[in-house]
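Asks: following is a predicted model, sequence given first.
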Amino acid sequence: IGLLRRFHFSSSQQSMGVIARVLGQPQMVYFVKGAPEKVAGMCDPKSLPENFSTILHEYTSNGYRVIGLAHKKLDRKMKWVDAQRIKRDNLECDMIFLGFLVMQNSLKKETSEVIKELHDAQIRQIMVTGDNIMTAMSVARGCNMVQPHQKLVLITVGSHLGDDTRPPLHMEV
């Protein structure tokens with residue numbers, strides 16, 4: 001496989017992609033990996049499993065990191081120079097969902113002990129992560145940052161509606 005162009009990871013798009021060509025194949029292919037919800041939004045809905053959300057929730061709530069994968073065959077007439085000029089938004093639509101890449105990232109042995117020492121010293125601990133919220137909650141419970149009996153509150157901020165308004169907040173317990 002030859003790499004023709006790379007679209008670096010973008011935190012706003014939560015994905016990265018490459019235009020590639022398989023040796024001997026007549027057309028280029030665009031591959032993308034990223035946050036499963038974002039990748040799903042790039043895909044033809046018919047290519048997504050019916051239970052997409054259920055599968056994703058199952059993995060993330062058990063502490064797994066999950067990446068979505070998709071691809072798209074590009075126009076046979078596309079040349080190298082076209083691949084260098086095409087905009088990412090023109091590629092990331094009508095893709096075919098390939099599946100989930102599921103990874104387990106175990107906590108270090110000393111993590112729970114350090115969290116306990118911080119708690120005993122009355123030092124507040126916070127978690128800041130770009131991971132899926134269910135993965136983050138599972139990790140927080142796994143290292144006893146959050147006790148099993150404690151409730152978690154999830155606050156999300158919506159998009160700005162205009163210059164003179166505050167973004168809407170949504171809270172779940």
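Replies: Perfect, I can see it now.
Asks: can you tell me the closest non-neighbouring residue to Trp80?
Replies: Distances taken as C-beta to C-beta, 6 or more residues apart in numbering put Leu4 closest to Trp80, at 6.3 Å, once the chain neighbours are dropped. Glycine gets a C-beta too; all of them are placed from N, C-alpha and C.
Asks: ok, that neighbour touching Gln27?
Replies: No. Using C-beta atoms under 8 Å as the test, Leu4 is too far from Gln27 to be in contact (11.5 Å).
Asks: of these two, which one has the most company?
Replies: Legend: neighbour count by other C-beta atoms under 10 Å for Leu4 and Gln27, higher for Leu4 (17 against 12).
Asks: what packs against the helix or strand where the more buried one lies?
Replies: Using DSSP states H and E, the element containing Leu4 is strand 2-10. With contacts taken as 3 or more C-beta pairs under 8 Å, 6 or more residues apart in numbering; DSSP states H and E, strand 2-10 sits against strand 15-21, helix 80-85.
Asks: can you point out the buried residues in stretch 33-43?
Replies: Buried residues in stretch 33-43, counted by 16 or more other C-beta atoms under 10 Å: Lys33, Gly34, Ala35, Pro36, Lys38, Val39, Ala40, Met42, Cys43.
Asks: just the ones in strands from those residues, please.
Replies: Lys33, Gly34 (DSSP state E).
Asks: quick one: which of the buried residues of stretch 33-43 is nearest to Thr156?
Replies: Ala35 (14.7 Å; C-beta to C-beta).
Asks: make sure that closest one is actually in contact with Asn132.
Replies: Yes. The pair Ala35 and Asn132 qualifies as a contact (C-beta under 8 Å) at a distance of 7.5 Å.
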